[in-house]
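>>> Could you look at this predicted model? Sequence included:
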Amino acid sequence: MDAAFLAQEGPSTHMHIGGIAMFTGAPPALEEFLAHIRSRLHLVPRYRQKLAVPPLETGRPLWIDDPSFNLEYHVRHAALPVGRAGTGEVALLDLTARIFSQPLDRTKPLWELWLVEGLDDDGFAMISKTHHALVDGISGVDLTTVLFDLSADGPPEGLAPPGPWVPLPEPSAAALAAAGIAGSVRTAVGGATHAVGAVAHPGGLLGRARAVAQGVGEVAWAGLNPPPATPFNVPPGGHRRVRVVRTRLEELKAVKEAFGGTVNDVVLAVVAGALRYFLEERGQHTDGVVLRACVPVSVRTEDARGALGNHLTQILAPLPVGIEEPVERLRYLTGAMRDLKASRQALGAKAIAAAQDFASPTILAQASRLNFSDRFYNLLVTNVPGPQFPLYVLGRRLDAMFPVAFLAGDRALAVAIMSYDGGMNFGLIGDYDALPDLDVVAEGIEGSLAELTVAAARMRDAARRTGPRTVRRRGAKPASGRAATG
């Protein structure tokens, strides 16, 4: 999967992800900030590693220590222009868009971290940018928090590095070729070992084979039945726009409690409502339209939590933008997601991704592009759970965190959501030319959630007024001339 993310990358499809972290308080000095990061780098060893490609594509790219690693290259320092009150965040989003418009240098470790001064009210921000091959969204939260503390007082004891970092020597071309071949052999042996275990339990093998075949069939059906075209289903250019929306987790939970389902169902219903609003503002027909979102699902096990690399699969969720009534839209999504979880679609998507383990790098590149084909879905919508307690960097409290996803295939829009300390924040990334009206999507998210919140409040008020529901025997008459409650 990591290699697939590398193969997918092109001049206009930058496969890095990241986020914006906003803090209160005066920004730390750059040297203090660098020293803080240097003290934690041993916890994320791959951040000192770079890519090495075996000669003649004898294997996938490998991670090796970068003997010329320079922390000052990866950590950048910037200040926002001084302007009117309230313009600092706008400038921050514009800077983020410019940063995400530039690909990462593959000759160096694939990450950047920006310390940005000049936010309103003496605040500052961090902009993180990491290649998707380095880390996925779920474990990315764990890796990012190595820079954070649980208290303003600082880190716990024993977090300091064990000693100075000494890189391993760069391998020769012959060693790279041998390592690439060995990696392919290990993958094949792993598959063979699994097959031997399956033969010992043929009943389980047969059941899993049926499940995988059914799941692959569901994914193939999605490819043969592409979703409707939209103004944001165009090849992206190389430049980006970024917008953010603040909401509260308690708002989404209140909607969930009123109408059922999960918080993620509410998130998808909010996105569907926002896209309906956007399409109508563009003068597009929406009646009966159902778009399709790619929703990444982490398959990382608890014992692998915190490990480097990607453990992802995906499901294709419907977005019923053609349903005008917000609660009906949510109920449609709740039922659809319940059916998807009971289906084999995610297993099928994982099987297709796993099939790439046996592919040569050239075939792998083609297969990764197939995975991002515009025939499968309209946009990426990813919801990452974050910590529900405050975090600190060098004694400064983290106020808000906004995730930023990537654009791939014929898609000019992606939506990422992350919860943190009671907040539920949306990060939108769009192509600069295709979506000059990205603000309309942000307005749609705010309006869509407001509609559901009002509907949930009305339901709660109605429940309080009517009190407990009563059950009346069939054929019995109400005690008064008014209609019976039950």
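That came through, no problem.
>>> Could you tell me how far the most centrally placed residue in the chain is located from Ile417?
For the chain, the residue sitting closest to the mean C-alpha position, by CA atoms, centre = their mean, is Thr382 at 4.0 Å. The gap separating Thr382 from Ile417 is 7 Å, by CB to CB, to the nearest Å. In this view, the C-beta of every residue, glycine as well, is placed from N, C-alpha and C.
>>> Mind listing the residues bridging to the residue nearest to the centre of the chain?
Ala416 (DSSP bridges).
>>> thought it was touching Phe426?
No - contact between Thr382 and Phe426 fails when scored by CB atoms under 8 Å: they sit 10.8 Å apart.
>>> what do these two both touch?
Listed as contacting both Thr382 and Phe426 by CB atoms under 8 Å, 6 or more residues apart in numbering are 415-417.
>>> Identify, from those residues, the entry nearest to Pro11.
Distances from Pro11 to those, taken as CB to CB, are shortest for Ala416 (22.6 Å).
>>> so where do the strands sit in the chain?
16-23, 49-52, 62-65, 75-79, 111-117, 124-131, 240-248, 291-298, 312-319, 379-384, 392-393, 396-404, 413-420, 423-431 (DSSP state E).
>>> so where's the stretch 101-250 of the chain shaky on pLDDT?
Residue ranges of the stretch 101-250 of the chain with pLDDT under 70: 136-145, 156-158, 180-224.
>>> sorry, back to before: adding distance to Asp461, write the strands of the chain out as TSV.
Output for the strands of the chain, formatted as TSV (distance: least, CB to CB, whole Å):
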stretch	distance to Asp461
strand 16-23	35
strand 49-52	57
strand 62-65	57
strand 75-79	49
strand 111-117	44
strand 124-131	40
strand 240-248	20
strand 291-298	32
strand 312-319	29
strand 379-384	29
strand 392-393	40
strand 396-404	31
strand 413-420	27
strand 423-431	23
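>>> Break the chain down into its structural domains.
Structural domains annotated on the chain: 2-156, 202-388+409-465, as defined by automatic domain parsing.
>>> Least reliable of those domains by average pLDDT, please.
When the domains of the chain are ranked by mean pLDDT, domain 202-388+409-465 comes last with a mean of 80.
>>> And Ala21, how far from Pro28?
For Ala21, the distance to Pro28 - CB to CB - is 13 Å.
>>> Equivalent analysis for Ile99, please.
Taking CB to CB, one finds Ile99 at 20 Å from Pro28.
>>> Tell me which of those two has more neighbours.
Ile99 (22 against 19; other CB atoms under 10 Å).
>>> from what I can see the more buried one touches Trp111, true?
No - applying CB under 8 Å, one finds Ile99 not in contact with Trp111, separated by 11.9 Å.
>>> got any residues that touch both of those two?
Residues touching both Ile99 and Trp111 (CB under 8 Å, 6+ apart) are Lys129.
>>> How about the contacts made by the nearest residue to Pro228 once chain neighbours are set aside?
Of all residues not flanking Pro228 in the chain, Val289 sits nearest, at 5.6 Å (CB to CB, 6 or more residues apart in numbering). Residues in contact with Val289 (CB under 8 Å, 6+ apart) are 228, 279, 321-322.
>>> if we go to 7 Å?
Val289 makes contact with 228, 321-322, according to CB atoms under 7 Å, 6 or more residues apart in numbering.
>>> How about Arg240?
97, 100-101, 429-432.
>>> what's the spacing between it and Glu325?
The spacing between Arg240 and Glu325, counted by CB to CB, is 34 Å.
>>> likewise Leu104?
In terms of CB to CB, Leu104 sits 44 Å off from Glu325.
>>> who wins for most neighbours among the contacts of Val289?
Neighbour-wise, the contacts of Val289 (other CB under 10 Å) top out at Val321, 27 neighbours.
>>> Apart from its neighbours in sequence, what residue is nearest Lys50?
That would be Asp66: by CB to CB, 6+ apart, it lies 4.3 Å from Lys50.
>>> The one you found against Tyr47, yeah?
No - Asp66 sits out of contact with Tyr47 when judged by CB atoms under 7 Å, with a separation of 9.7 Å.
>>> who has more neighbours, those two?
Relative neighbour count places Tyr47 above the other of Asp66 and Tyr47, with 24 against 18, counting by other CB under 10 Å.
>>> Please name the residues that touch the more buried one.
Going by CB under 7 Å, 6+ apart, Tyr47 touches 41, 109, 111.
>>> Over to Gly123?
Gly123 touches 22-24, counting by CB under 7 Å, 6+ apart.
>>> How about Lys253?
Each residue near Lys253 by CB under 7 Å, 6+ apart is listed here: Val263.
>>> out of the contacts of Tyr47, who's nearest Arg458?
For these, the nearest to Arg458 is Trp111 (47.0 Å; CB to CB).
>>> which residue packs closest to the closest one, ignoring adjacent ones?
Nearest to Trp111 is Thr130, by CB to CB, 6+ apart, at 4.4 Å.
>>> Pull the contacting residues for the residue nearest to Cys294 when sequence neighbours are not counted.
In space, and not counting its chain neighbours, Cys294 is closest to Tyr377: 4.3 Å by CB to CB, 6+ apart. Contacts of Tyr377 were listed using CB under 7 Å, 6+ apart, and they are 227, 292-294, 316.
>>> what's the closest of those to His285?
Using CB to CB, the contacts of Tyr377 come closest to His285 at Pro227, 14.4 Å.
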